[in-house]
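Novice: Sequence first, then the predicted structure:
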Amino acid sequence: MALRILGVPSAAGAYGNGVARAPRAMRVAGILEGLRDQGLAAADAGDLPAVAFSPDPASPRAQHLDTVIAVARDVARRVAEVDEAGDVPLVLGGNCTITLGVIAGLCERHPRLGLAYLDGDADMSTRVRTTSGVLDAMGIATMLGLVGAAPAFAGMGPRTPLMAGRDIALLGYDEMELDAEPREQLVRHGVHLFDGRSMRARAGQAASEALSALSHRRGLIVHFDVDVVDSTDLPLGQFPHFNQGVSLADALEALCVLAAAPDVRAVLITEVNPDNDPDGRHVQRLVDGVVGVLGRALGR
């Protein structure tokens, strides 16, 4: 088994173009070389085509929906190829909508997938609730196929919904930004919930509990959105959470536990905005941390 780095420099589902520059920034920071220095078999599978963001006044409640779906389908195809070769994709986004592509690319070969969603937001917006129409705030609602999700996006994969709630664990989200209605929907669908406050100083334990909640799975996808980290500690997230979230150390501890699951099928890093880091210092911190974590988790 080898790690295959796949860059997805797409900002189509975001609201700015910084996230499209993240795969290159993480490569410049030495993610491939670092993984190899950790003794891991790692290779670079290259990038999908870059996709920029611009406002989409023709579709204000689901901006650039067709483009977001097209990117996710490209991700699905490439991820499926890596998986069929017996390797694990390490997907560098890009925005959170690419996670639906990863699920779509894996769920046919691994129909009992679990998803550990380490993210500062629950991503439960829909076309009904949204004010921005930005699709990277709609990921969980879309993969659950909730009313108000874009049907074309919810149905882009080999099954609809892409995920059942009992197969998803949300970790690190800001409870204060989750309204009563979407929270009730998450509970009703059986999604396993570990908010940011409950993870502070016990992130590894929370990640272990999440894996236990998903113990029925046969294959795990690990989604790591850097906005789960307090932006005062790591100001890289496309959507900042100042004086909220968990520390970088806590986030990496949780990532280490999740990535060490013996049935891990994909790891994603999303919403890194290098424009927030002019000297590259924080991208380097992130890459060094991720490399060390993956070395411990996968060096088996």
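Specialist: Done, it's in.

Novice: For the stretch 51-200 of the chain, which segments count as strands?
Specialist: Counting by DSSP state E, counting those that start in this stretch, the stretch 51-200 of the chain has these strands, from start to end: 88-93, 114-118, 168-171, 192-194.

Novice: out of the ones you listed, which comes closest to V264?
Specialist: Ranking the strands of the stretch 51-200 of the chain by distance to V264, with CB to CB as the measure, places strand 88-93 first at 6.4 Å. C-beta here means a position set from N, CA and C on the backbone, and glycine is covered the same way.

Novice: got any ranges where the stretch 151-300 of the chain has weak pLDDT?
Specialist: Residues of the stretch 151-300 of the chain that meet the criterion pLDDT under 70 lie in 300.

Novice: which residues in it form helices?
Specialist: With DSSP state H, counting those that start in this stretch, the ranges of helices along the stretch 151-300 of the chain come out as 151-154, 180-188, 196-199, 203-213, 248-259, 281-298.

Novice: who does the second one touch, helix- and strand-wise?
Specialist: The reference is to helix 180-188. Where contact means 3 or more CB pairs under 8 Å, 6 or more residues apart in numbering; DSSP states H and E, helix 180-188 is packed against helix 139-143.

Novice: ok, back up a step: out of the helices of the stretch 151-300 of the chain, which is the most enclosed?
Specialist: With neighbours defined as mean count of other CB atoms under 10 Å, those peak in mean count at helix 248-259, which reaches a mean of 23.

Novice: Only alpha carbons, please: show stretch 92-102 as PDB.
Specialist: This file holds the C-alpha atoms of stretch 92-102, laid out as PDB (Å, rounded to 0.1, in the frame of the first residue of the first chain):
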ATOM      1  CA  LEU A  92      -5.200  18.000  -1.100                       C
ATOM      2  CA  GLY A  93      -8.000  20.500  -1.700                       C
ATOM      3  CA  GLY A  94      -9.500  22.700  -2.600                       C
ATOM      4  CA  ASN A  95     -12.800  23.100  -0.900                       C
ATOM      5  CA  CYS A  96     -15.000  20.700   1.000                       C
ATOM      6  CA  THR A  97     -17.200  19.700  -1.900                       C
ATOM      7  CA  ILE A  98     -14.500  17.400  -3.100                       C
ATOM      8  CA  THR A  99     -15.300  15.100  -0.200                       C
ATOM      9  CA  LEU A 100     -18.500  14.000  -2.000                       C
ATOM     10  CA  GLY A 101     -16.300  13.100  -5.000                       C
ATOM     11  CA  VAL A 102     -14.100  10.900  -2.800                       C
END
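
Novice: 30 is where my numbering starts, stick with that
Specialist: Taking 30 as the first residue, the last one we looked at is stretch 121-131.

Novice: Contacts only, for V117.
Specialist: Contacts for V117 (CB atoms under 8 Å, 6 or more residues apart in numbering) come out as M30, A31, L32, R33, V111, V293, R294, A295, V296, L327.

Novice: 7 Å instead?
Specialist: Taking CB atoms under 7 Å, 6 or more residues apart in numbering, we find V117 in contact with M30, L32, V293, R294, A295.

Novice: hmm, which of the residues you listed are the buried ones?
Specialist: Of the members of those, the ones counted as buried by neighbours, 16 or more other CB atoms under 10 Å, are L32, V293, R294, A295.

Novice: mind putting these in JSON lines, distance to R107 included?
Specialist: Shown next, in JSON lines, are the buried ones among the contacts of V117 (distance: CB to CB, whole Å):
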{"residue": "L32", "distance to R107": "14"}
{"residue": "V293", "distance to R107": "18"}
{"residue": "R294", "distance to R107": "14"}
{"residue": "A295", "distance to R107": "11"}
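
Novice: what sits against the residue nearest the centre of the chain?
Specialist: When the chain is reduced to its mean C-alpha position, the closest residue under CA atoms, centre = their mean turns out to be H252, at 3.3 Å. Contacts were defined as CB under 7 Å, 6+ apart; by that measure H252 touches T128, L144, A145, Y146, L147, D148, L297, T299.

Novice: and P140, how many residues sit next to it?
Specialist: The number of residues packed near P140 is 11, by other CB atoms under 10 Å.

Novice: Distance from stretch 314-328 to the middle of the chain?
Specialist: Centre-to-centre, stretch 314-328 and its host chain are 16 Å apart (CA atoms, centre = their mean, to the nearest Å).

Novice: Just the CA trace of it, in PDB.
Specialist: Extracted C-alpha coordinates of stretch 314-328, given in PDB (Å, rounded to 0.1, in the frame of the first residue of the first chain):
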ATOM      1  CA  ARG A 314       3.500  24.000  10.400                       C
ATOM      2  CA  LEU A 315       0.500  22.300   9.000                       C
ATOM      3  CA  VAL A 316       2.500  20.100   6.600                       C
ATOM      4  CA  ASP A 317       5.100  19.200   9.200                       C
ATOM      5  CA  GLY A 318       2.300  18.200  11.600                       C
ATOM      6  CA  VAL A 319       0.400  16.200   9.000                       C
ATOM      7  CA  VAL A 320       3.500  14.400   7.900                       C
ATOM      8  CA  GLY A 321       4.400  13.500  11.400                       C
ATOM      9  CA  VAL A 322       0.900  12.300  12.200                       C
ATOM     10  CA  LEU A 323       0.600  10.200   9.000                       C
ATOM     11  CA  GLY A 324       4.100   8.700   9.700                       C
ATOM     12  CA  ARG A 325       2.900   7.500  13.100                       C
ATOM     13  CA  ALA A 326      -0.500   6.400  11.900                       C
ATOM     14  CA  LEU A 327       0.400   4.600   8.700                       C
ATOM     15  CA  GLY A 328       3.900   3.400   9.500                       C
END
